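Colleague: Here's a sequence, model it:
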Amino acid sequence: MRRRWPAVAAVLGLLLSTSAAAAQGRSFAIERFAVALDVHPDGSLAVQETLTIDFRGRHHGVFRLIPVRYMRHGAEFALRLDDVIVLDEAHQPLRTEVTYPGRYVRIKAWVPGAENATRTVRILYRVRRGLLFFDDHDELYWNVTGDEWEVPIRQVEGRVALPGGAAAAPVQVQAYTGPRGATGADYSEERRPEGVVFRTTRPLRPHEGLTIVVGWPPGVVARPSAWREAWWLAVDHWPLALPLLTLGAMSLVWRAYGRDPASNRSIKPEYGPPPGLAPAEAGALIDEQAEPRDAVATLVDLAVRGYLHIERVEGDGRDFLFRRVKPLAGDVTLTPIERFVLQKVFGEELTLRDRHLSELRRNYDYVFGPIRDAIYRTLVERSLFPASPYWIRQGWGVAGIVLLFVAGALLIALDRFAPLGWPLPAGVALSGAVVLAFARIMPRRTWRGVRLLTPLRGFQEFLERAEKDRLERLPGDTLHRWLPWAIALGVSERWIFNWQGLRVEAPTWYDGRGPFTLPGYSRDLDAFGRQNEDALLTSRRAGGGSGDGAGGGSSGFSGGSSGGGGGGGGGGTF
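Modeller: Below you'll find the model as predicted:
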């Protein structure tokens, strides 16, 4: 067995060396590249490319790469290239394979006898959207040969045939030769009744090409309708339809899983809160979101009920003193939310007597998250929500963010491998934005929550719009008693304003820095709310940081060059 390995290795080496030698001996040259462009009255182009190729060595056939996706005016533009047929010199069809790699159409044809011989191949196809339309003329701006060939092209001819109506019309012509961007004039032109013929006057080197421009007055060919242009635009940018599909899908999901059960109960003013509901729970129920103001409302509610006293500290006016008024440790009437908030103020054992708000901001880590979770947990336990609104939003939010990351990855990948593919990442990114927008409204209340929501909104309406004649008939402590609810429901300023001009006693649970007035009371509460929200959202270890291609929609007559317009590309052998 060991004796066989040297023989096998020798055979493999011989095969590899023979293959390498054959590859090194292969080459080709394009003797003639003739293109006939027939402009049809409907604006389409019938293209016939006739390539006479000198094959040196053994070849299987030829391939042609034609770009069909361009950037025009900052947006992607796609030609419609179809009806591909490849013929030999006897006009017999050849075995052909058409693929679409990136922004190209790749036409691959097997050519019999392509070994140390000269063969002629004809590639026929139809192009739509190949013309340019301007106010004063229509135009064919076409890269006849392409400038991506690795071999020279000895002779080039480009023939343009216009519809019969253009025979008597003035026709403008221009051409460019050389590498991409060049404006060489190594060509001749021959005007004919049916059109014009361009011929190069020298061989083209690798990566050089011939680009032609032919213009005629409007009316010779039919311009595409607005509906046709709109359809093509939609097809060019089909990924931009993804957000619309996502919008439809999310709407269906919301209707099935995010919409509250229907209620026929009308909202009417209520003169008290729904029984058994705390201010923080009411604030989260009404807008499906627990916010720092709900914790502030809990503190004020506890103060109104006599558990603590709040005093504004002399100085810059941004600090407040919390003073425990009665023992809290053994009080079984406190709800879990109230107990948690008090523990953040007076310690886990509820034994401290005085705490400054500035101490809370300085000594406590982020505390609102647990308060928020406690509020949501209570609402779920009371069957007002089927699941925590926070985690519902988080789940859909993560889905939206994932789509944004996918869009970013696609943008990087397409920018590297297919620069004209921006609609796909844009469509995915917009879809992610749609999901993020829906994330806010995906939480839903239960039927019980909806039934409780109706009187709660009625109470909110009363707090916001209460008239003075009704307020005059209410007990004197009504302003302070319902203040925690007004804070949680977001109408505290309006609730205090409604009492302007009425006799209101100073609160026993709060001391400001001067005589009691409603405007001053409102300002103090606003400052108290803002400072508490800041403390609730501030972490002890807050991080610091520094403060500190081819194609185009422009006319080939003005600013045109070799390599511009439609068509182009390159090719090779295999």
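
Colleague: Could you pull out the buried residues of the lengthiest helix in the chain?
Modeller: Longest helix in the chain, counting residues (DSSP state H): helix 389-417. Within helix 389-417, the residues scored as buried using 16 or more other Cβ atoms under 10 Å are 389-390, 392-393, 396-397, 400, 403-404, 407, 410-411, 414. The way it works is simple: take the backbone N, C-alpha and C, and place the C-beta from them, glycine included.

Colleague: do the same with stretch 122-137
Modeller: Here stretch 122-137 shows Arg122, Ile123, Tyr125, Arg126, Val127, Arg128, Arg129, Gly130, Leu131, Leu132, His137 as buried, counting by 16+ other Cβ under 10 Å.

Colleague: Hmm, the fourth one is touching Gly43, no?
Modeller: Read that as Arg126. No. Assessed by Cβ atoms under 8 Å, Arg126 is found out of contact with Gly43, at 11.4 Å.

Colleague: In CSV, list the C-alpha atoms belonging to stretch 556-572.
Modeller: Only the C-alpha atoms of stretch 556-572 are listed here, as CSV (Å, rounded to 0.1, in the frame of the first residue of the first chain):
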residue,chain,number,x,y,z
GLY,A,556,-24.9,62.6,-22.3
PHE,A,557,-24.6,65.9,-24.3
SER,A,558,-23.8,67.9,-21.2
GLY,A,559,-21.2,66.4,-18.9
GLY,A,560,-21.2,63.0,-20.6
SER,A,561,-18.2,60.7,-20.8
SER,A,562,-17.0,57.2,-21.7
GLY,A,563,-18.6,54.7,-19.4
GLY,A,564,-21.7,56.8,-18.8
GLY,A,565,-25.3,56.0,-19.6
GLY,A,566,-26.9,52.5,-19.8
GLY,A,567,-25.4,49.3,-21.0
GLY,A,568,-21.7,48.8,-20.4
GLY,A,569,-20.2,46.1,-18.3
GLY,A,570,-17.7,43.5,-19.6
GLY,A,571,-17.2,39.8,-19.9
GLY,A,572,-14.8,37.0,-20.6
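
Colleague: helices and strands around the helix or strand that the longest helix of the chain is followed by, which ones?
Modeller: As assigned by DSSP states H and E, the chain's next helix or strand after helix 389-417 is helix 423-439. Judged by 3 or more Cβ pairs under 8 Å, 6 or more residues apart in numbering; DSSP states H and E, helix 423-439 is in contact with helix 242-253, helix 389-417.

Colleague: Tabulate the ones you listed (JSON lines), appending mean pLDDT and distance to Leu37.
Modeller: Converted to JSON lines, the helices and strands packed on helix 423-439 look like this (pLDDT from 0 to 100; distance: least, Cβ to Cβ, whole Å):
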{"stretch": "helix 242-253", "mean pLDDT": "94", "distance to Leu37": "37"}
{"stretch": "helix 389-417", "mean pLDDT": "87", "distance to Leu37": "31"}
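
Colleague: can you list the weak-confidence ranges in the stretch 401-550 of the chain?
Modeller: 414-421, 514, 533-550 (pLDDT under 70).

Colleague: what about the helices in it?
Modeller: 423-439, 447-465, 468-472, 478-481, 483-488, 492-497, 518-537 (DSSP state H, counting those that start in this stretch).

Colleague: Contacts made by stretch 493-504 with the rest, please.
Modeller: 463-468, 471-472, 476, 479, 482-483, 486, 518, 521-522, 525-526 (Cβ atoms under 8 Å, 6 or more residues apart in numbering).

Colleague: from those, which would you call buried?
Modeller: Counted by 16+ other Cβ under 10 Å, the contacts of stretch 493-504 give Leu463, Glu464, Ala466, Leu471, Leu479, Trp482, Leu483, Ala486, Leu518, Tyr521, Ser522, Leu525 as buried.

Colleague: What's the separation between the first one and Val304?
Modeller: For Leu463, the distance to Val304 under the criterion Cβ to Cβ, to the nearest Å works out to 15 Å.

Colleague: The second one now?
Modeller: Remark: distance between Glu464 and Val304 (Cβ to Cβ) = 20 Å.

Colleague: can you check the fourth one too?
Modeller: From Leu471 across to Val304, the span is 18 Å (Cβ to Cβ).

Colleague: which SS class is Leu37?
Modeller: strand (DSSP: H, G, I helix; E, B strand; the rest coil).

Colleague: So for it, what pLDDT did the model give?
Modeller: With respect to pLDDT, Leu37 scores 94.

Colleague: Check Val151 too.
Modeller: pLDDT, Val151: 93.
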